[in-house]
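Visitor: Starting from these lines, generate the structure:
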Amino acid sequence: FGAGYSTIDSIIGFVEFSQGNFDLLNWPSFTGGGEKFRARAQFGSQRQDYEVSLTEPYFLGYRFSLGGDIFYHGASFLSSIYDERDYGFALTARMPLTAFSYTSLTYRIENVEIFNVSAAASSAIQIEAGTRLKSELTPSYTSDTRDNVFLTRHGHRFIFTPHVAGGFLGGDVQTYGFDFQASQYFLLPLDNILLLNGEVATIDNWGSGGEVPIFD
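Guide: Below is the predicted model of the structure:
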């Protein structure tokens, strides 16, 4: 548990409980199964976040991870002319491919609500007021050869994440695109480390006829 203050969130506090040897079916101790459980509540004058997650790292005894989380996020610090909250759940399956790579698939469904929109807001923001259902599927591929995740001296980390919302998945949000992130580490003389980071992403609406590239 803890508390703090920032110029964005103002006063904020949190409490969290996690168990790395959880067993959902072992009442009343709920331990001994190797599952990963996490519950977190974060609250303040500008935001409220609540999350509960459970992951089975070896589903049915295989090297196949299956997990889910339920969440609620409410925020008024994102903008001075509207407030936003979203809530829903996500399911994630993950499977290793090699010693240095894995793939995952996440399905996420959430309600996104824009409210308390100021009368002075632009028409583009005014039409976003209300609640929309977002149903999204996100596969991912990760290659990670870093020698150390805390102090990396050499290796790389590549993440490719396409995503699609709406269409055959239903919901009110109709978008698709991808995100590619890359990090390459080089060990230089005198234990100096050179890090190169890059990211490229696109997002498009179904039927809009054009993509919006994002580079970083």
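Visitor: rest of the way, CA atoms for contacts and neighbours
Guide: Will do.
Visitor: Name the helix or strand of the protein that has the lowest mean pLDDT.
Guide: Least confident helix or strand, the chain: strand 212-215 with a mean of 46, by mean pLDDT, DSSP states H and E.
Visitor: For the protein, which segments are assigned as strands?
Guide: 2-6, 10-22, 35-44, 47-56, 65-75, 83-98, 101-115, 130-144, 155-165, 175-188, 192-205, 212-215 (DSSP state E).
Visitor: Give me the buried positions along stretch 87-103.
Guide: Within stretch 87-103, the residues that qualify as buried by neighbour count (16 or more other Cα atoms under 10 Å) are Y87, G88, F89, A90, L91, T92, A93, R94, M95, S101, Y102, T103.
Visitor: next one: stretch 125-142
Guide: 126, 129, 132-142.
Visitor: so what's Y82 up against?
Guide: The neighbourhood of Y82, defined by Cα atoms under 8 Å, 6 or more residues apart in numbering, consists of S76, I114, F115, N116, V117, S118.
Visitor: Lowest-confidence entry in those?
Guide: When the contacts of Y82 are compared by pLDDT, S76 scores lowest at 74.
Visitor: Leaving out chain neighbours, which residue sits closest to that one?
Guide: Leaving out its chain neighbours, the residue that sits closest to S76 by Cα to Cα, 6 or more residues apart in numbering is D83, at 4.6 Å.
Visitor: With distance to D191 and pLDDT as extra columns, can I get the buried residues of stretch 125-142 in TSV?
Guide: TSV is the format used below for those (distance: Cα to Cα, whole Å; pLDDT from 0 to 100):
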residue	distance to D191	pLDDT
Q126	54	83
A129	53	83
R132	51	91
L133	50	94
K134	47	94
S135	47	96
E136	43	96
L137	42	97
T138	38	97
P139	37	97
S140	33	97
Y141	31	98
T142	27	98
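Visitor: Any chance of JSON lines for the residues you listed, columns distance to Q181?
Guide: Formatted as JSON lines, the entries for the buried residues of stretch 125-142 read as follows, by distance: Cα to Cα, whole Å:
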{"residue": "Q126", "distance to Q181": "33"}
{"residue": "A129", "distance to Q181": "32"}
{"residue": "R132", "distance to Q181": "29"}
{"residue": "L133", "distance to Q181": "28"}
{"residue": "K134", "distance to Q181": "24"}
{"residue": "S135", "distance to Q181": "23"}
{"residue": "E136", "distance to Q181": "20"}
{"residue": "L137", "distance to Q181": "19"}
{"residue": "T138", "distance to Q181": "15"}
{"residue": "P139", "distance to Q181": "14"}
{"residue": "S140", "distance to Q181": "11"}
{"residue": "Y141", "distance to Q181": "11"}
{"residue": "T142", "distance to Q181": "10"}
